[in-house]
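In: any chance you can model this:
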Amino acid sequence: QLQACGGGLVQAGGSLRLSCVASGRTFRSYVMGWFRQAPGKEREFVAAIGWSGGVTYYLDSVKGRFFISRDNAKNTVYLQLNSLKPEDTAVYYCAAERDGDGNYDYWGQGTVVTVSS
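Out: Numbers count the residues shown, from 1 in each chain. Below is the predicted model:
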C-alpha cells in the first residue's frame with residue numbers, strides 16, 4: 001500500500017515536497033516512481049529512483065527543477081518540486097515497480113498539486 005501526501009496550492013516559482021510512504025518490508029527492493037495526470041490529459045511519467053537511490057530518471061520538462069529521493073529506513077520516497085509552473089498542475093501519484101520489468105505494480109491514491117500564475 002502506498003500513501004502519498006504533500007500536495008497543495010502554491011504560486012508559480014514556489015516549491016512543494018511530496019512524500020509517499022509504503023507499507024511492507026520489501027519496499028527497499030522496489031523501483032519507485034512518480035507520475036502525474038493533469039486535467040484532460042493522460043497520465044505521464046515524472047521521475048523514478050532505483051532501489052538504492054543511486055539511479056534516477058526524470059521527465060525532460062522537470063529536469064533541474066524536480067528531485068526524487070528515498071529513505072529506505074522510513075519506507076518513504078520523496079519528490080521535491082521547485083520552480084513550479086502552472087503547467088505542473090496535476091494529480092501526482094507514486095508507484096512501485098516490483099519485478100524490474102518497467103511495469104508499475106502498486107499505486108498510491110494521488111495528491112493534488114495546483115500552481116497558480
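In: tell me the bridge partners for the spatially most central residue of the chain.
Out: Residue closest to the average C-alpha location in the chain (CA atoms, centre = their mean): residue 34, at 2.8 Å. Judged by DSSP bridges, the bridge partners of residue 34 are residue 47, residue 94.
In: how close does it sit to residue 98?
Out: 16 Å (CB to CB, to the nearest Å). The way it works is simple: take the backbone N, C-alpha and C, and place the C-beta from them, glycine included.
In: next: residue 113.
Out: Counting by CB to CB - residue 113 and residue 98 are separated by 26 Å.
In: now do residue 71
Out: For residue 71 relative to residue 98 (CB to CB), the value is 19 Å.
In: which residues in this protein form strands?
Out: All strands of the chain, identified by DSSP state E, fall at 2-5, 8-11, 16-22, 31-37, 44-49, 56-58, 66-71, 76-81, 90-97, 106-107, 111-116.
In: any chance of these in TSV, with mean pLDDT too?
Out: Listed next are the strands of the chain as TSV, based on pLDDT from 0 to 100:
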stretch	mean pLDDT
strand 2-5	94
strand 8-11	98
strand 16-22	97
strand 31-37	97
strand 44-49	97
strand 56-58	96
strand 66-71	97
strand 76-81	97
strand 90-97	97
strand 106-107	94
strand 111-116	98
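In: circling back: neighbour count for residue 113 and residue 98, which is higher?
Out: Per other CB atoms under 10 Å, whichever of residue 113 and residue 98 has more neighbours is residue 113, with 22 against 13.
In: excluding covalently adjacent residues, which one is nearest to that one?
Out: Among residues not flanking residue 113 along the chain, residue 7 sits closest, at 4.7 Å (CB to CB, 6 or more residues apart in numbering).
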